[in-house]
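Enquirer: take a look and give me a structure for this.
(one chain, ligands or ions: 1)
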Amino acid sequence: MPSYDPANIFAKILRGELPCHKVYEDDKVLAFLDIMPRAPGHTLVLPKAPARNLLDVKAEDLAAVAAVAQRIAKAAMTVFGADGITVQQFNEGAGGQVVFHLHVHVIPRKAGVPMKPPAIEKEKPEVLSDQALKLAAALKAS
Ligand code: 5GP
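Expert: Below is the predicted model of the structure:
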């Protein structure tokens, strides 16, 4: 497996070199909205420590990401009026991974509504800002 590349786009977001629509942050984890959401509220949950994917992440960082993904899933059920949540996590190109800093997708779902195809359409920044504020507020209250 190739080594971690600190020039990946999520590493730049983690360093504050690129913006994101943040929904949650603590000492180990950052979560922000996907710019090309497969459904409204599609959130990415990352460890702050460098890790390419599931195959090299430290167990404690993975556990921190999982705990935050669960909190986001629960909050998103209410904020987005979801009927369910899809969680996805891809590893290496053959596994569907495109950005090589570990991230878990938390995707609110409505019954009978299929997910959009991946990376098809950028959401409007004002829509993402509004959704991020609502989700962040629900998480603070949780
Ligand atoms: P994966 O690596 O799990 O296949 O997918 C990477 C995800 O990152 C995709 O869902 C894509 O829409 C999202 N993405 C790609 N570039 C950016 C970006 O610059 N900002 C944000 N917030 N999401 C991104």
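
Enquirer: the residue most central in space within the chain: what secondary structure?
Expert: Note on the chain: the residue nearest the mean C-alpha position is Leu44, at 0.3 Å, using C-alpha atoms, centre = their mean. Classification of Leu44 by DSSP: H, G, I helix; E, B strand; the rest coil places it in strand.

Enquirer: any idea of the pLDDT on it?
Expert: Listed pLDDT for Leu44 reads 98.

Enquirer: then Asn8?
Expert: Listed pLDDT for Asn8 reads 98.

Enquirer: need the contact list for it.
Expert: Shown in contact with Asn8 (C-beta atoms under 8 Å, 6 or more residues apart in numbering): 99-101. The way it works is simple: take the backbone N, C-alpha and C, and place the C-beta from them, glycine included.

Enquirer: how about residues contacting the helix of greatest length in the chain?
Expert: Scanning the chain for the longest helix, with DSSP state H as the assignment, gives helix 59-79. With C-beta under 8 Å, 6+ apart as the test, helix 59-79 has contacts from 23-24, 26, 28-29, 31, 41, 43, 45-49, 51, 54, 57, 82, 85, 87, 102, 104, 106, 108, 131, 134-135, 138-139, 142.

Enquirer: ok, now stretch 108-125?
Expert: 21, 33, 35-42, 76-77, 79-86, 98, 107.

Enquirer: all set, thanks.
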